[in-house]
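*Asks:* Got a sequence here, can you build the structure:
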Amino acid sequence: MTQTPATRRAGAVCLTAVLAVLAACTHSPPEAPATRFAFTALEAARIPAPADAPAGTCWARDVTPAVVETQTAQVIVQPAILNSDGSLLAPAIYATETEQQIVEPRREYVFETLCAPEITPEFIASLQRALQARGRYGGAITGTITPETELAIRDFQRGQGLETRLLTMQTARQLGLAAVARS
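*Replies:* Next up, the predicted model:
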């Protein structure tokens, strides 16, 4: 089939229109920039402040699951049967019993924490430096919550009897990162 210049121009116009429609269909709106410094685990744990809490305070809840250990033991079902001369008539019969035992109970912590606007990249960098100065954090000072930062928070708070990787207001005050309330 022979194409004339007019047919070629019409084909090019159609192709351009089809490509424009396809581009419009595949174009997605720009994504909002990720806030890499956000403490997402803490944000997910936020709860309404208790009724007796001071106004303007922020609270969170963290649950540590129970630690269950499975123990297996051999128990005697029937003791060995001996003849009158002391020789073995029938050997002992044993059974295997498996038992689960709670080694550490489930714990729920409800605690005051910093409010979201206070957790900035500068604050997190200060948190990392404070934990580093106490020998709890060995990572880079990034200003972002990393798994290493969360582990360092948990390690520091473990000394206060808290098994949480979420930053409590008590810890922030101990590290000199939050104002201590006047008495």
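*Asks:* which residues sit against stretch 93-105?
*Replies:* Residues outside stretch 93-105 that contact it (C-beta atoms under 8 Å, 6 or more residues apart in numbering) are 66-78. In this view, the C-beta of every residue, glycine as well, is placed from N, C-alpha and C.
*Asks:* Output those residues in TSV; the columns should cover distance to Arg46 and pLDDT.
*Replies:* Conversion of these to TSV gives the following (distance: C-beta to C-beta, whole Å; pLDDT from 0 to 100):
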residue	distance to Arg46	pLDDT
Ala66	24	93
Val67	26	93
Val68	29	95
Glu69	33	96
Thr70	35	95
Gln71	38	94
Thr72	42	95
Ala73	45	93
Gln74	50	94
Val75	49	94
Ile76	55	94
Val77	54	94
Gln78	59	95
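*Asks:* Cross-check Phe123 against the secondary structure; I expect a helix.
*Replies:* Yes. Counting by DSSP: H, G, I helix; E, B strand; the rest coil, Phe123 is found in a helix.
*Asks:* quick one: it and Leu177 touch, right?
*Replies:* Yes. The pair Phe123 / Leu177 is scored as a contact, 6.8 Å apart, by C-beta atoms under 8 Å.
*Asks:* now this protein, which segments are flagged as low pLDDT?
*Replies:* The chain contains residues with pLDDT under 70 at 1-38, 183.
*Asks:* In the record's domain split, what are the boundaries for it?
*Replies:* Domains of the chain are assigned by automatic domain parsing as 40-65+108-174, 67-104.
*Asks:* highest average neighbour count across those?
*Replies:* Mean neighbour counts were compared across those using mean count of other C-beta atoms under 10 Å; the top stretch is domain 40-65+108-174, at a mean of 16.
*Asks:* now the strands for this structure?
*Replies:* 46-47, 58-64, 67-78, 81-82, 88-90, 93-104, 107-113 (DSSP state E).
*Asks:* The fourth one: partners in the sheet, and parallel or antiparallel?
*Replies:* When you say that, I think you mean strand 81-82. The strands beside strand 81-82 in its sheet (DSSP bridges) come out as strand 88-90 (antiparallel).
*Asks:* what does the third one give?
*Replies:* In the sheet containing strand 67-78, the strands it pairs with under DSSP bridges are strand 93-104 (antiparallel).
*Asks:* Render the CA-only coordinates of the strand it pairs with in CSV, please.
*Replies:* Extracted C-alpha coordinates of strand 93-104, given in CSV (Å, rounded to 0.1, in the frame of the first residue of the first chain):
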residue,chain,number,x,y,z
ILE,A,93,8.1,-47.5,80.6
TYR,A,94,8.6,-43.8,80.0
ALA,A,95,6.5,-41.1,78.2
THR,A,96,7.5,-37.8,76.8
GLU,A,97,5.5,-34.8,78.2
THR,A,98,5.7,-31.4,76.7
GLU,A,99,4.7,-28.4,78.8
GLN,A,100,4.6,-24.7,77.9
GLN,A,101,5.5,-22.3,80.6
ILE,A,102,5.3,-18.5,80.7
VAL,A,103,8.9,-17.3,81.4
GLU,A,104,8.0,-13.6,81.1
